[in-house]
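>>> give me coordinates for this.
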Amino acid sequence: DAALLLIPIVGFLPPEDPRVIGTIDAIERELMTDCFVLRYPISESNDIDGLPGTEGAFLACSFWLAEALYLIGRKDEAMDLFERLLALTNDVGLLAEEYDPVQARHLGNFPQAFTHLHLIHTALALS
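Just a heads-up that it's a prediction; the model follows:
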């Protein structure tokens, strides 16, 4: 679950802890699609959450990844991801809850305050 990216952000474990680094690596390997982070593994069968169909990448989780990467010292990757996420904003700077990288469109609630909260939090951490 991508919520594990919050472990170093909230200070539950220090960023240099091998478990944190391993968790970030696992999330990148298992939950990323086109450089965006899914909340959890999804499939058409939806044996995980019981909801029909699939969903897009959860933008708040993608911001969490950018901040977690920064905290573990992968600063260039963090900035690249952050800038890619910023490029998704619409003409007035708003983001949705999710993003579909295949169809290049916003999904879910729009605008989404939760996404913007983590955009700001990540911007502060990276500055």
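>>> what strand or helix carries the residue nearest the centre of the chain?
Centroid-nearest residue in the chain, with C-alpha atoms, centre = their mean: residue 62, separated by 1.4 Å. Assignment of secondary structure by DSSP states H and E places residue 62 within helix 59-71.
>>> for that helix, list every residue counted as buried.
Residues of helix 59-71 classed as buried by neighbour count (16 or more other C-beta atoms under 10 Å): 59-71. Placement of C-beta: from N, CA and C, glycine included.
>>> and for stretch 2-12?
Residues 2, 4, 5, 7, 8, 9 are the ones in stretch 2-12 that count as buried (16+ other C-beta under 10 Å).
>>> do I have it right that the second one meets residue 23?
To tie it back to what came earlier, the one meant is residue 4. Yes: contact criterion C-beta atoms under 8 Å: residue 4 and residue 23 qualify, at 5.1 Å.
>>> just the pLDDT at the residue nearest to the centre of the chain, thanks.
With respect to pLDDT, residue 62 scores 95.
>>> low-confidence ranges in this protein?
The chain contains residues with pLDDT under 70 at 40-55.
>>> what about the helices in it?
Under the criterion DSSP state H, helices of the chain are mapped to 6-9, 18-31, 59-71, 75-86, 113-126.
>>> a markdown table for those helices, including distance to residue 98?
Shown next, in a markdown table, are the helices of the chain (distance: least, C-beta to C-beta, whole Å):
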| stretch | distance to residue 98 |
| --- | --- |
| helix 6-9 | 18 |
| helix 18-31 | 13 |
| helix 59-71 | 6 |
| helix 75-86 | 12 |
| helix 113-126 | 9 |
